[in-house]
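In: Give the three-dimensional model of this entry:
(chains A and B)
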Amino acid sequence: MFRLSEVALDPSVLSRALANASAGACVTFEGWVRDNNAGRGVRRLDYQAYAPLAESEGQRILAEARRQFAIVDIRCVHRVGALAIGELAVWVGVSAAHRDAAFAACRYVIDEVKKRVPIWKNEHYADGESGWLHPDNTPVASEQIARGTPAGEA
Amino acid sequence: MTYRVLYFASLRDAAGCDAEQVSAAVTDARELYAQLRRKHSFTLNAARLRIAINGEFAAWERPLTDGDEIAFLPPVSGG
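Out: The predicted model follows:
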């Protein structure tokens, strides 16, 4: 199950849902909001999603992982909205009979989610600027924001 | 033709809205984006975008139909 969440995530609660008597391995990944990117101080992030397509594409990725790896259960939750430094932004959890499949499936899902799911990150920098990150990881909107175009600061 | 166009991330900031109704005499998504790019001064090239039509990823070549909901998707940065 892939879902978006507007509220803070509790990894211990999320992990418990993976429990299964046939599983001998559990691998989880937590993506956290860090206080820097590309040499700039970051104060906080906003995540924006195209929710219906993000959820359907996320489900597709989980279904691919189920086909490719011998796993028992797999889940992913991605935050949207305003996040503070240190908050959990994305969580992937996999249970499997054995660890190899659990590690591989977890890695597959986080990599594909970052590549394919329509979610965007707006970094608010320590110097007061902000900008949406697009795939080469450079902010695109900072010049518009600097000119005063309505942005995510509302 | 009338379309509903959805904007995200830097395109949303530049357009100043998350969605708008657009009347345009085009059925080609590239031409529609070119018109909207001029209107809103979008900095992103079409080559950097994907599109979705009615909630599903679609090829740029797919002809648009009156009433379609079209999303121009900047490169994603989740995770």
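In: hey, let's count contacts and neighbours off CA atoms from now on
Out: Fine.
In: For chain B, which residues are neighbours of chain A?
Out: By CA under 8 Å from any CA of the partner chain, the residues of chain B that approach chain A are B:8-10, B:13-14, B:16, B:55-56, B:73-79.
In: and with 10 Å instead?
Out: Selection of chain B residues close to chain A by CA under 10 Å from any CA of the partner chain yields B:6-17, B:41-44, B:48, B:50, B:52, B:54-57, B:71, B:73-79.
In: Could you list which of those residues belong to strands?
Out: In strands, judged by DSSP state E, the following of these are found: B:Leu6, B:Arg50, B:Ala52, B:Glu56, B:Phe57, B:Ala71, B:Leu73.
In: ok, then the element right after whichever strand or helix holds A:Leu14?
Out: Following DSSP states H and E, one finds A:Leu14 within helix A:11-16. Following helix A:11-16 in sequence order, the next helix or strand is strand A:25-32 (DSSP H and E).
In: Tell me the strands beside the helix or strand following that next one, with direction?
Out: With elements assigned by DSSP H and E, the helix or strand that comes after strand A:25-32 is strand A:36-37. Sheet pairing of strand A:36-37 (DSSP bridges) gives strand A:40-49 (antiparallel).
In: buried residues in the partner strand?
Out: Across strand A:40-49, burial judged by 16 or more other CA atoms under 10 Å in any protein chain shown covers A:Gly41, A:Val42, A:Arg43, A:Arg44, A:Leu45, A:Asp46, A:Tyr47, A:Gln48, A:Ala49.
In: and the last one, what does it touch?
Out: Think A:Ala49. Listed by CA atoms under 10 Å, 6 or more residues apart in numbering or on different chains, the contact partners of A:Ala49 are A:4, A:55, A:78-81, A:117-121, B:8-9, B:76, B:78.
In: Return the member of those residues nearest to A:Ala96.
Out: A:His78 (21.7 Å; CA to CA).
In: pretty sure the closest one contacts A:Asp10?
Out: No - here A:His78 lies out of contact with A:Asp10, judged by CA atoms under 10 Å, at a distance of 12.0 Å.
In: So which of those two has more stuff around it?
Out: A:His78 (26 against 10; other CA atoms under 10 Å in any protein chain shown).
In: Look at the more buried one and tell me its secondary structure.
Out: Here A:His78 is recorded as strand under DSSP: H, G, I helix; E, B strand; the rest coil.
In: Just list whatever residues bridge to the closest residue to it other than its chain neighbours.
Out: Leaving aside its chain neighbours, A:His78 sits nearest to A:Val90 (4.4 Å; criterion: CA to CA, 6 or more residues apart in numbering or on different chains). Counting by DSSP bridges, A:Val90 is bridged to A:Gly31, A:His78.
In: In contact with A:Val90, which residues are there?
Out: So A:Val90 contacts A:4-5, A:9, A:11, A:29-33, A:76-80, A:110, A:113-114, B:78-79 (CA under 10 Å, 6+ apart).
In: cutoff 7 Å now
Out: Going by CA atoms under 7 Å, 6 or more residues apart in numbering or on different chains, A:Val90 touches A:Glu30, A:Gly31, A:Val77, A:His78, A:Arg79, B:Gly79.
In: The fifth one and B:Arg30, how far apart?
Out: Okay, so that is A:Arg79. In this view, A:Arg79 and B:Arg30 are 32 Å apart by CA to CA, to the nearest Å.
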